[in-house]
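Undergrad: just coords:
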């Protein structure tokens, strides 16, 4: 198990290097001159050229990328073009904000999604099931930015109950969290429902029922644990998409998180911040995937033995390919 | 579809099961309606897509303008009808791009294994390590705004998931007897992939694609909303929403109808996609 | 360096592990630490919003854009100057009647056209307690003269021969006579910076934490979110009516309006025109609007085909615009049709137009210009509601005279680069004169500018220079009159509109006049008992 974890972490490194290469290349070919963005329209061509030289923007691609990677291996993500602050500092100031939103949204989705999904499955075709299914369907179809606008319109403007922007206390979290989690509540509800339905029809549940166990016990003891496996994947994906959804929502709610940081940075051609931000998010995603895979093993011991078997049979690289092996 | 009768009857079964699913049929009906709207927009829309009328600016919904007019006096309903064209186009074409590219890569990875598998799947891992929205924003910024560029930006992020699905299916099909038989009689790799592997992985691709169109439409709309997708005056719904943002307080209909249009489309695609998955399910079951 | 990496990794791991734990009370430690220092003002604003009475001690404003830097020598951003208006002070200010009044300088006089003497107050201290002296003034003027952002107005200062006479006297020498200098010195651009503090902190740190002589001192800047200041107790003049100041960055225009309406902020800048009447009619808010010193013009690229050298074509394009409706549809009634190349409130404004809308004549002139069958042009715009709206109307109007407009949509960074390398074919540009003088209003016109106007007409340079270096007002009016005639004749660019602007405030905010240069001085703002 430990060896598996270490291998997984080692395999993440080339992925992260690949991420830096992709983002670096994209930014390299993007039109728009960071030096001109800093100096503005009034500066002469010579002044801009001088700054470009100073910033190393005139170096060839490989030199620039090489320098960036060299700094990266020394733990230096560079300085923001706009503020002059180290990128690490900027990210650390904003990452917790986004993470908090993502955690709360994820928690809300789990708290609502799983129970509703279970009830929906157990009472299939009931009114509750139909309402839940319909709402879940709406949840995945509603554009998040539109929902955000509507929430602000209703709860901040018309009712005056909640603040419309910023993040200065618990009540500020409510609207963004609802807006970000709408999709994941819906997805988790749907996933839980369908995977519960599948499990309920299995033989061993029928056996348990035949043995005369109470319905509640069957659900909690037998069905739930097995039904949760696919749900965990979905939670992981939803957590990730929650961080993605933060990009648009942070813009609308004026929240100084990492999503807003990156959109602003891309617009200002603030390359070090873009690269650093994407890199950190990619790192988080990789760690998250690892945790999810480990959770599988925790929920379903059968998978643990599968790891052990595979370790003997396969080369480490194939093992690392992530989610689908486990679910296959 | 050389496999002939067996294949045909299989799809007939799927259609049969699908027909029984009322929600899916509803979704399909809405989709057909939307496609018709898109194709015949020129005949259906009461006004031109960019027909400005400065004496009728910002009018509330009325008989003349069922969804009101915008800040240029354009008929919002007409623009939404024309917008169907744009949004469906983005959804389907970007999906087509990622499905084709992803499927080919996935099939290659699964079929050939070894080094090509490693390279392709590592590439997929890298792309998947970047949040889709962020990746799309970065690509859209690099390419510049515009319809085609937005399609590409939306498409690239979806390639890995197709590659993975197709690779997994290919792996299971690859060792089947009929494929081995084909190989034994000396069929070329391309031939095997095209004739045997591909038809068998079609089902998961289709399911993935129907649901993917919905995601693509949503993602394109958020790109436009952030101002890096499709530019006005193109009546893309997301860009209509973005432009209407500052009117949200007094002219609710400017924001409401494009949002509803997105919802209806995505809903229809999801209903149909779900139904399709269920209909194909017996085949997909392990 | 290593440590930083590790700490970052650890921190991400920690946050992630919290994430994995999911539902529990996890958000915990991190959030409290961050929320701790903001709690005070959140409560403050909440209380004010709910009651609407009582004396408020925190002024909260909503900025549309976060300033990139607050180093006064390194930007020309209105929002940046708005923030530093509380921190940095200039030698002179202007009163509500537009007259120059003493501020850090008590007296000033021209000895001759290129020599200017100042007497300074001797009771002024910087926020670290050190005294402001003539040496600091010299330092500031030198920096301004050498800054690429400010040399337009301060490049006339002869930094070598400007001499400090004693702590309170300085003699400023000029390289050439420059009429608008005193106007420029009275703007927020010319805030006095301490030489020793600036050098000690270095430009990077100063940019994040400016120190000056003003009534408020900087306390913190949370990137992407807000800037906070507190009252400076050693201030020489009248203290501000509020003890704390918070500038929140709210990019979404409609969110700024909503925050203003719900009492989340006291003042909101750059309100979208759609919200003006609502803010005006709401008893809890007030609209502070007025004409700006700005002009929006359709910039044509005179170094590119088909515009270059084709005066008839340029005029045909101008005749093809229904200015009245164009301005109405683009600005929704918050702008007036431009009648010349700069705003009426600026010295020497001369009414030249507007051109009548005449599509028939436009078509004839197009034919005369060599395009009897119409032509294709590309209009470029970036993400800006006004510019996009303009593009859509333009396309529609020119379409009717046979000019087929394709709109190319760029993002701001690309637009800026292309603009300065002369690649923008045509675009709506807005220039707000930062001082009330024709030379600032016509800042786009010298041939030395790199923007895509590129008319290359030396006669314009001559007139501009004559205008700047003539000290007599009547003579200046004549020169600028001639220049406007000439520009109108040549039509290198098409003047479109004089936009109005507005900011919104809660109704208990007083003493906030409209600033036509959009550089708002916040020092005098007060709260009235509602």
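TA: Now that the structure is in, tell me what you want to look at. Small disclaimer: the values here were computed from a predicted structure and weren't measured.
Undergrad: now the strands for the stretch 101-250 of chain B?
TA: Using DSSP state E, counting those that start in this stretch, no strands are found in the stretch 101-250 of chain B.
Undergrad: of all the residues in it, which ones are close to chain C?
TA: Counting by Cβ under 8 Å from any Cβ of the partner chain, the stretch 101-250 of chain B comes close to chain C at B:141, B:144-146, B:227-228, B:231-233, B:243, B:245-250. For the C-beta atoms, the positions are set from N, CA and C on the backbone; glycine is no exception.
Undergrad: so residue C:118 sits in a strand?
TA: Yes - if the criterion is DSSP: H, G, I helix; E, B strand; the rest coil, then residue C:118 is within a strand.
Undergrad: ok, it - how many residues close by?
TA: Per other Cβ atoms under 10 Å in any protein chain shown, the neighbour tally for residue C:118 reads 23.
Undergrad: my guess is it meets residue C:172, correct?
TA: Yes - with contacts counted by Cβ atoms under 8 Å, residue C:118 reaches residue C:172, the gap being 6.8 Å.
Undergrad: Minimum pLDDT in the residues of the stretch 101-250 of chain B next to chain C, which residue is that?
TA: Among those, residue B:232 has the lowest pLDDT, at 72.
Undergrad: list the contacts for it?
TA: B:239, B:243, C:388, C:391, C:392, C:407, C:409 (Cβ atoms under 8 Å, 6 or more residues apart in numbering or on different chains).
Undergrad: Which ones among those residues lie within helices?
TA: With DSSP state H as the criterion, helices contain B:239, B:243, C:388, C:391, C:392 from among those.
Undergrad: mind listing what residue A:221 touches?
TA: A:208, A:213.
Undergrad: Okay, it and residue A:232: tell me how far apart.
TA: Distance of residue A:221 to residue A:232, computed by Cβ to Cβ, to the nearest Å: 18 Å.
Undergrad: cool, residue A:28 as well?
TA: Remark: distance between residue A:28 and residue A:232 (Cβ to Cβ) = 38 Å.
Undergrad: Among those two, which residue is more densely surrounded?
TA: residue A:232 (18 against 13).
Undergrad: what residues are up against residue 78?
TA: No chain in the question, so chain A it is. Neighbour list for residue A:78: A:68, A:71, A:86, A:87, A:272, A:275, A:276 [criterion: Cβ under 8 Å, 6+ apart].
Undergrad: um, chain C though
TA: C:432, C:518, C:519, C:520.
Undergrad: Near chain C, which residues of the stretch 101-250 of chain A? Just list them.
TA: So the stretch 101-250 of chain A meets chain C at A:102-104, A:106-107, A:110-111, A:149, A:152, A:156-157, A:160, A:163-169, A:172, A:239 (Cβ under 8 Å from any Cβ).
Undergrad: Go again with 7 Å.
TA: Contact residues (Cβ under 7 Å from any Cβ of the partner chain) of the stretch 101-250 of chain A with chain C: A:102-104, A:106-107, A:110-111, A:152, A:156-157, A:160, A:163-166, A:168-169, A:239.
Undergrad: Closest to the mean position in the chain, which residue would that be?
TA: With no chain named, the answer covers chain A. Taking Cα atoms, centre = their mean as the criterion, residue A:240 is the residue nearest the geometric centre of chain A, at 1.5 Å.
Undergrad: looking at chain C here, not the other one
TA: Chain C, centroid-nearest residue using Cα atoms, centre = their mean: residue C:78 at 3.4 Å.
Undergrad: In chain C, which residue sits closest to chain B?
TA: Taking Cβ to the nearest Cβ, chain B has its nearest neighbour within chain C at residue C:409, 3.1 Å off.
Undergrad: contacting residues for residue A:79?
TA: For residue A:79, the contacting residues are A:85, A:86, A:87, A:272, by Cβ atoms under 7 Å, 6 or more residues apart in numbering or on different chains.
Undergrad: wait, the third one sits on residue A:80?
TA: Yes - counting by Cβ atoms under 7 Å, residue A:87 does reach residue A:80; the two are 5.8 Å apart.
Undergrad: lowest-pLDDT helix or strand in the chain?
TA: Using chain A here. Among the helices and strands of chain A, helix A:323-327 carries the lowest confidence by mean pLDDT, DSSP states H and E, at a mean of 27.
Undergrad: wrong chain, I was asking about chain C
TA: Sorting the helices and strands of chain C by mean pLDDT, DSSP H and E puts helix C:28-51 at the bottom, at a mean of 38.
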